[in-house]
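Colleague: My questions are about this predicted structure, shown below with the sequence.
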Amino acid sequence: MSTLNDILNGKRERLPDWELVASFVAVCRRHAESTGLPPGSLGTLEQWQVRWRAARNEPARPRVSGSYDPYTTAPDEAERRTTRTVARLVRLAGDGDPDAACRLAIIDLLTGKVAEARYWVHAAARRGHPDARALAAHPRPVELAAGLSFAYGEACEQAGPAKRDIARFYYRLAAGQGHPAAAERLRVLRAVPFGKPLPTRAVGD
């Protein structure tokens, strides 16, 4: 899944969902207000939604909506859910939630976005989050982040099928850094259409 950094650097061709755009604009406006910059220069949510709809070739609507357009394929649905998860984390972290900030730090660490990760680690550690403090002090923070991402994946998987796509997201991040248990969970959760897990292969198959 593409992250905010991919979008901002033009590495993602597909237009992000409206909720991610709205969350990002809201965080930028709050940061501008807290640092004495004029938030009006960033534009309002209504103005950004007009631009977003123009990019999608959709007619403008008078009110801002945080809803998603339904996608028809399973991969699109999985990306929609994980994009919405990151958007929610951005919104919560911008409101001062240390757990959301720590999760964003972990996502950024595992995708090589060191500067962004450092920012979120500092934000979460300053509010007393134990995992963020551990990341800040760890000699190999990426290794610790992979373990934490695996734990998030397990928690999502245990929450039921509705969280399975988010579990895969966290497992994929951890597996990308060589976490063996995460790679194994991804193999077990390898999906066919409609998200049904494939049966585990018998020994000797």
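Modeller: Alright, I've got the coordinates.
Colleague: Can you tell me the element the spatially most central residue of the chain falls in?
Modeller: Nearest to the mean C-alpha position of the chain, by CA atoms, centre = their mean, lies Val86 at 2.6 Å. Using DSSP states H and E, Val86 falls within helix 74-94.
Colleague: How far off centre is stretch 94-111?
Modeller: Between the centre of stretch 94-111 and the centre of its chain there are 9 Å (CA atoms, centre = their mean, to the nearest Å).
Colleague: Kindly report the same for stretch 157-165.
Modeller: 16 Å.
Colleague: and the end-to-end length of it?
Modeller: Taking CA to CA, to the nearest Å, stretch 157-165 runs 9 Å from one end to the other.
Colleague: what comes up buried for that stretch?
Modeller: For stretch 157-165, a neighbour-count test (16 or more other CB atoms under 10 Å) marks Glu157, Lys163, Arg164, Asp165 as buried. C-beta here means a position set from N, CA and C on the backbone, and glycine is covered the same way.
Colleague: Which members of these are the farthest-apart pair?
Modeller: The span of the buried residues of stretch 157-165, defined through CB to CB, is set by Glu157 and Asp165 at 10.4 Å.
Colleague: Next one: the nearest residue to Lys163 once chain neighbours are set aside from Ala54, what distance?
Modeller: Counting by CB to CB, 6 or more residues apart in numbering, the nearest residue to Lys163 once its immediate chain neighbours are dropped is Cys156, at 4.0 Å. Distance of Cys156 to Ala54, given as CB to CB, to the nearest Å: 35 Å.
Colleague: which one of the two has more residues nearby?
Modeller: Cys156 (20 against 11; other CB atoms under 10 Å).
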